[in-house]
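can you look at this prediction? I've put the sequence above it.
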Amino acid sequence: MIELYTWGTPNGRKVAIMLEECHLPYRVRKIDIMQGEQFTPAYLALNPNGKIPSIVDPDGPDGKPISLMESGAILVYLAGKTGRFLPAAARGKYEALQWLMFQMGGIGPTFGQAHHFLRFAPERVDYAISRYTRETARLYGVLDARLGQAAYLAGEYSIADMATYPWVARHDWQEIDLDDYPNVRRWFRAIAGRPAVQRGMAVPN
């Protein structure tokens, strides 16, 4: 059984969604990042970067246990393990991977900074709020344009959507009105209706 080390953040939930979508048995190990549990020696032995999520799969690709960090890498690994949610054809595969990288390199870092400066910073920093909310809105525009061309980011439902959805689920934290992005709103509602997504979003609670 796969062990998932996680907490209730967008990055943590994307892996739980994939595990649920693939019907893979897994056990949740809560890592309370508010209490600094990600920095304990035991956890750092699994994830030297001190972030969540991480997984340990006792049945790795060579039949031996494997531990992995970084949510995007975990999603690619699980797609390879199950043969699901990453297109087999080369063109579709690379389209999905480019949108996964878009989430990892753009949406996650930018939306995360917007969350911090809008909700958690000990003092208001107008420059940072302006910078990250403007970039957040621009990235929503990129998503909306893409989703005006296709039902899902890679054409078919994939790990790129699973990676992006939990961040868009916090659009209120980013002070984003999805009515301003009708294609994103349609995509968001379609994914929100998937039972596996609902179960994954409830992890680790």
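That came in fine, so what should we check first?

report the contact partners of the nearest residue to residue 166 once chain neighbours are set aside.
Residue nearest to residue 166 in three dimensions, not counting chain neighbours: residue 10, with 3.7 Å by CB to CB, 6 or more residues apart in numbering. C-beta: built from backbone N, CA, C; applies to glycine. Residue 10 makes contact with 108, 111, 166, 167, 169, 170, according to CB atoms under 8 Å, 6 or more residues apart in numbering.

let's see it at 7 Å
Residue 10 is in contact with 166, 167, 170, counting by CB atoms under 7 Å, 6 or more residues apart in numbering.

how much space separates it from residue 191?
Per CB to CB, to the nearest Å, residue 10 is found 13 Å from residue 191.

could you dump the contacts of residue 10 into a markdown table and include secondary structure?
Output for those, formatted as a markdown table (DSSP: H, G, I helix; E, B strand; the rest coil):
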| residue | secondary structure |
| --- | --- |
| 166 | helix |
| 167 | helix |
| 170 | coil |
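
name the member of those residues with the most neighbours.
The residue in the contacts of residue 10 with the most neighbours, by other CB atoms under 10 Å, is residue 166 (26 neighbours).

go ahead and confirm that residue touches residue 14.
Yes - using CB atoms under 7 Å, residue 166 is in contact with residue 14, at 5.4 Å.

just the element for the most centrally placed residue in the chain, please.
Against the mean C-alpha coordinate of the chain, by CA atoms, centre = their mean, the closest residue is residue 163 at 3.2 Å. Per DSSP states H and E: residue 163 is located in helix 159-168.

distance from the chain centre to the helix or strand that that helix is followed by, please.
Counting by DSSP H and E, the element after helix 159-168 in chain order, helix or strand, is helix 182-192. Relative to the centre of its chain, helix 182-192 is centred 16 Å away, using CA atoms, centre = their mean, to the nearest Å.

same check, this time on stretch 72-90
How far stretch 72-90 lies from its chain's middle: 14 Å, per CA atoms, centre = their mean.

tell me which residues are up against that stretch.
14-15, 18-19, 21-22, 24, 53, 55, 68, 93, 96, 100, 104, 154, 156-159, 162-163.

for that stretch, buried residues please.
72, 74, 75, 76, 77, 78, 79, 81, 84, 85, 86, 87 (16 or more other CB atoms under 10 Å).

name the helix or strand for the fifth one, please.
Same thing as residue 77. For residue 77, the element it lies in under DSSP H and E is helix 71-82.

next, the angle from that helix to helix 159-168.
Calculated by axes from the mean of the first three to the mean of the last three CA atoms, to 10 degrees, helix 71-82 forms an angle of 140 degrees with helix 159-168.

using CSV, write out every CA atom in helix 71-82.
Extracted in CSV, the C-alpha atoms of helix 71-82 (Å, rounded to 0.1, in the frame of the first residue of the first chain):
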residue,chain,number,x,y,z
SER,A,71,4.0,16.7,-6.5
GLY,A,72,4.5,16.9,-10.2
ALA,A,73,7.1,14.1,-10.2
ILE,A,74,4.7,12.0,-8.1
LEU,A,75,1.8,12.5,-10.6
VAL,A,76,4.0,11.5,-13.5
TYR,A,77,5.2,8.4,-11.6
LEU,A,78,1.6,7.4,-10.7
ALA,A,79,0.6,7.9,-14.3
GLY,A,80,3.4,5.7,-15.5
LYS,A,81,2.6,3.1,-12.8
THR,A,82,-1.1,2.8,-13.8
